[in-house]
Structure formats: structure tokens, C-alpha cells
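1. model the structure of this input:
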Amino acid sequence: MAAPAEARPGSAAGPAETSQPPGGLNIFLNGTSSSGKSSIAEELLPILDETYFLMPVDAFHAMRARHDLTPDHL
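-> I've put the predicted structure just below:
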């Protein structure tokens, strides 16, 4: 989850050594309703080394288009 010490911003390593490919890390919590996914996610946020965003699946679905898209339009 955290970058190695030599690749962290502000470390002694130079810029050439700290460059990382673009991308990111997704953490998916899967479980049945009321199994504690949201509670676990809220507890993880303050202890993770990097910046993360909590996006409940309901919020993700709320961003979807209000009409069906055909596979050709995806």
C-alpha cells in the first residue's frame, strides 16, 4: 500500500528514482449486506499511508447514466 521508503516523496532518493508508472490502487471490500464493509473502510482511511477515497457502491451507481447504453457505446 505504501511506496517503498526510497520512493516516498521527500525521501533522500532523487527524482529519477521516485518516478512511478501512472496508476493507482483500488481496495474492494466485498460482503453481504450489513457485514461491516463500510465500518472497515471508515477505520482503514485514517491508518493508510496514502490518500484514499471511500466510494460506497450506491454512490457509484448513482453516477451512472439514466438510460441504458448498448455495448457499442461503452
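2. now the element after the longest helix seen in the chain, going C-ward?
-> Counting residues, the longest helix found in the chain (DSSP state H) is helix 37-44. As assigned by DSSP states H and E, the chain's next helix or strand after helix 37-44 is helix 57-62.
3. what helices or strands is that following helix leaning on?
-> Packing contacts for helix 57-62, counted by 3 or more Cβ pairs under 8 Å, 6 or more residues apart in numbering; DSSP states H and E, involve no helix or strand. All C-beta spots, glycine's among them, are computed from the backbone N, C-alpha and C.
4. what is the mean pLDDT for it?
-> Averaged over helix 57-62, pLDDT sits at 82.
5. and it, how far from the chain's centre?
-> Centre-to-centre, helix 57-62 and its host chain are 15 Å apart (Cα atoms, centre = their mean, to the nearest Å).
6. mind listing what's buried along the longest helix of the chain?
-> For helix 37-44, the neighbour count (16 or more other Cβ atoms under 10 Å) marks residue 37 as buried.
7. kindly export it (C-alpha atoms) in PDB.
-> Output of helix 37-44 as PDB, limited to C-alpha atoms (Å, rounded to 0.1, in the frame of the first residue of the first chain):
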ATOM      1  CA  LYS A  37     -17.800  -3.300   4.800                       C
ATOM      2  CA  SER A  38     -18.500   0.400   5.400                       C
ATOM      3  CA  SER A  39     -17.200   0.200   9.000                       C
ATOM      4  CA  ILE A  40     -14.000  -1.400   7.900                       C
ATOM      5  CA  ALA A  41     -13.500   1.100   5.200                       C
ATOM      6  CA  GLU A  42     -14.000   4.000   7.600                       C
ATOM      7  CA  GLU A  43     -11.500   2.600  10.000                       C
ATOM      8  CA  LEU A  44      -8.900   2.000   7.200                       C
END
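8. sounds good, over and out.
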